[in-house]
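> I need the structure of the sequence given here:
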Amino acid sequence: MTESFSVLRLRNQIALVTGGSSGIGAGVAKAMAAAGAVVYVNYSHSADEAAAVVKEITDAGGQATAVQADVSKEADVQRMFQQILQEQGTLHILVNNSGIQQDAKFLDMTLEQWQKVIDVNLTGQFLCAREAAREFVRRGPQPDISAATGKIICMSSVHEVIPWAGHVNYATSKGGIMQLMKSMAQELAPHRIRVNSIGPGAIATPINEEARDTPEEEKNLLTLIPYGRIGQPADIGKVAVWLASDEADYITGTTLFVDGGMTLYPGFADNG
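Below you'll find the predicted structure:
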């Protein structure tokens with residue numbers, strides 16, 4: 001589990017982290033539990049991995065429960081939210097993290113590859129955010145718990161702004177998340193619901209393991225990162241905790257890039 005926070009910023013809050021069984025989602029789930037939240041660790045197929053994340057959290061004194069749902073399926077999402085509300089009474093934080101890649105050159109990409117990524121990465125975020133927002137509006141403010149009525153954090157990517165040949169479906173889903181987030185933020189702000197995104201760069205997770213398989217591949221990847229290191233899931237977890245806390249209460253409708261400078265387009269550093 002991540003190191004303890006000196007202040008339990010998320011004490012008495014209920015958080016759902018989709019795709020929380022590994023990678024960035026696991027890092028976020030552990031960080032939120034360390035900050036005092038009761039965390040629901042969503043998974044689609046990896047029950048054992050989700051159980052391991054829950055065990056790590058509870059062994060460290062936190063509170064967590066695994067919950068299964070395929071976020072691309074409306075019935076699954078509604079069932080998941082019903083379980084959380086039955087067990088906890090409400091929800092305060094949604095981290096829309098579930099995401100997949102199915103890579104192919106554009107000329108070779110199948111409709112199935114395109115649709116699956118859009119379904120999970122974009123439609124999944126819509127379905128979960130809609131259910132969360134409905135609960136936030138139904139419940140109304142709880143100022144003794146949180147300054148905001150509810151917090152939604154969308155996990156985007158540097159590829160919401162950086163094109164990515166060979167990954168058209170993935171980059172399109174992340175560009176869509178940017179406008180989904182901004183449009184939701186605009187509409188939900190009068191309810192005091194904050195909606196933001198985190199845009200990770202290269203984070204050491206299973207989804208990009210192939211890009212780090214050999215020292216040469218890792219060196220090539222590092223040429224894209226001015227700060228000179230690959231990020232860790234805990235880097236994203238710390239930012240997610242802060243963004244969900246009252247310390248970030250005046251922030252809505254923005255993407256916070258956590259990328260070691262990847263969005264600075266380092267290829268132009270010596271070509272000005």
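> ok, residue 195 - contacts?
129, 151-152, 154, 181, 184-185, 188, 252-253 (Cβ atoms under 8 Å, 6 or more residues apart in numbering). Yep, even glycine has a C-beta here, placed from its N, CA and C like the rest.
> run the last query once more with 6 Å
By Cβ atoms under 6 Å, 6 or more residues apart in numbering, the residues touching residue 195 are 152, 181, 184-185, 188, 252.
> ok, which pair from those residues is furthest apart?
Using Cβ to Cβ, the contacts of residue 195 span at most 10.5 Å, a distance reached by 181 and 188.
> between the two, tell me which one has more neighbours.
Under the neighbour definition other Cβ atoms under 10 Å, residue 181 and residue 188 were set side by side, and residue 181 has more, 25 against 22.
> format the contacts of residue 195 as JSON lines; extra columns: pLDDT and secondary structure.
Formatted as JSON lines, the contacts of residue 195 follow (pLDDT from 0 to 100; DSSP: H, G, I helix; E, B strand; the rest coil):
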{"residue": "152", "pLDDT": "99", "secondary structure": "strand"}
{"residue": "181", "pLDDT": "98", "secondary structure": "helix"}
{"residue": "184", "pLDDT": "99", "secondary structure": "helix"}
{"residue": "185", "pLDDT": "99", "secondary structure": "helix"}
{"residue": "188", "pLDDT": "99", "secondary structure": "helix"}
{"residue": "252", "pLDDT": "98", "secondary structure": "coil"}
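> which one of the residues you listed is nearest residue 30?
For the contacts of residue 195, the nearest to residue 30 is residue 152 (19.8 Å; Cβ to Cβ).
> go ahead and confirm that closest one touches residue 129.
Yes - with contact defined as Cβ atoms under 6 Å, residue 152 reaches residue 129; the gap is 5.3 Å.
> among these two, which residue is more densely surrounded?
Taking other Cβ under 10 Å, residue 152 and residue 129 do not tie; residue 152 has more neighbours (26 against 22).
> which ones are touching that one?
Residue 152 neighbours (Cβ under 6 Å, 6+ apart): 94, 129, 132, 195.
> now do residue 197
Residue 197 makes contact with 154, 156, 181, 255 under the criterion Cβ under 6 Å, 6+ apart.
> now do the contacts for residue 79.
With contact set as Cβ under 6 Å, 6+ apart, residue 79 has no partners.
> counting neighbours, what do you get for residue 76?
17.
> for the helix or strand of the chain with the lowest mean pLDDT, buried residues please.
Within the chain, no helix or strand scores below helix 215-222, which has a mean of 90 by mean pLDDT, DSSP states H and E. Within helix 215-222, the residues scored as buried using 16 or more other Cβ atoms under 10 Å are 221-222.
> now whichever helix or strand comes after that helix: mean pLDDT?
Once the chain leaves helix 215-222, the next helix or strand it forms, by DSSP states H and E, is helix 233-244. Mean per-residue pLDDT for helix 233-244: 98.
> gap between helix 233-244 and the chain center?
Helix 233-244 sits 9 Å away from the centroid of its parent chain (Cα atoms, centre = their mean, to the nearest Å).
> try stretch 61-68
With Cα atoms, centre = their mean, you get 17 Å for stretch 61-68.
> top strand in this protein by residue count?
The residue-count maximum for a strand in the chain (DSSP state E) belongs to strand 193-200.
> give the pairing partners of it; include direction for each.
Strands that pair with strand 193-200, judged by DSSP bridges, come out as strand 150-155 (parallel), strand 255-258 (parallel).
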